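**Q** Below: sequence and its predicted model.
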Amino acid sequence: MKLRDLRPCDSCGKQVAGRMPDGHTAIQFYTVRISSVLLDLRAVNENLGLAQYFQGALALAEVFAPNPEVAIVIGDQPDAGGWTEALLCFDCYTTPIRICGLAEGINDRKAAAEAAAEKGCAE
Ligand SMILES: [Zn+2]
């Protein structure tokens, strides 16, 4: 994470700075990555069919299945852009948060910043 990627807490907007035991200021925050996952039903059926053939041995079925990976995490590479990364302060990290609203807010701010940057380049 680069310095320019640091921002206030994505949930409450507070700065993420804190104090170390010796009194000097430090930055403590948490990152949470939110990804979508697709379940490949064809691969599930292939694996379950083979497991039935092998009398319930799912591990054996996964060896012989054409596609043992049944769940696909969308954009699980850092540069793929398929996930939403939230920065959270300690208070928000330890408080129940509605993940959907958090991700939506982050993506809305990101889209607005990109649109502003494009507008700035066009002028
Ligand atoms: Zn917070």
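**A** Noted; the coordinates are in hand.
**Q** Send over whichever helix or strand Ala43 is part of as CSV, restricted to the C-alpha atoms.
**A** Assigned by DSSP states H and E, Ala43 belongs to helix 41-53. Extracted as CSV, the C-alpha positions of helix 41-53 are listed here (Å, rounded to 0.1, in the frame of the first residue of the first chain):
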residue,chain,number,x,y,z
LEU,A,41,-22.9,-25.1,-10.8
ARG,A,42,-21.6,-27.3,-13.7
ALA,A,43,-18.4,-28.0,-11.8
VAL,A,44,-20.4,-28.7,-8.6
ASN,A,45,-22.5,-31.2,-10.5
GLU,A,46,-19.4,-32.9,-12.0
ASN,A,47,-17.8,-33.1,-8.6
LEU,A,48,-20.9,-34.4,-6.9
GLY,A,49,-21.6,-36.9,-9.6
LEU,A,50,-18.0,-38.3,-9.3
ALA,A,51,-18.3,-38.3,-5.5
GLN,A,52,-21.4,-40.4,-5.9
TYR,A,53,-19.6,-42.8,-8.3
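**Q** buried stuff in that helix?
**A** Counting neighbours by 16 or more other CB atoms under 10 Å, one finds that the buried residues in helix 41-53 are 43, 46-47, 50-51. No exception for glycine: its C-beta is placed from N, CA and C like everyone else's.
**Q** Using TSV, lay out these together with pLDDT and distance to Lys119.
**A** Putting the buried residues of helix 41-53 into TSV (pLDDT from 0 to 100; distance: CB to CB, whole Å) gives the following:
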residue	pLDDT	distance to Lys119
Ala43	95	44
Glu46	96	49
Asn47	96	49
Leu50	97	54
Ala51	96	55
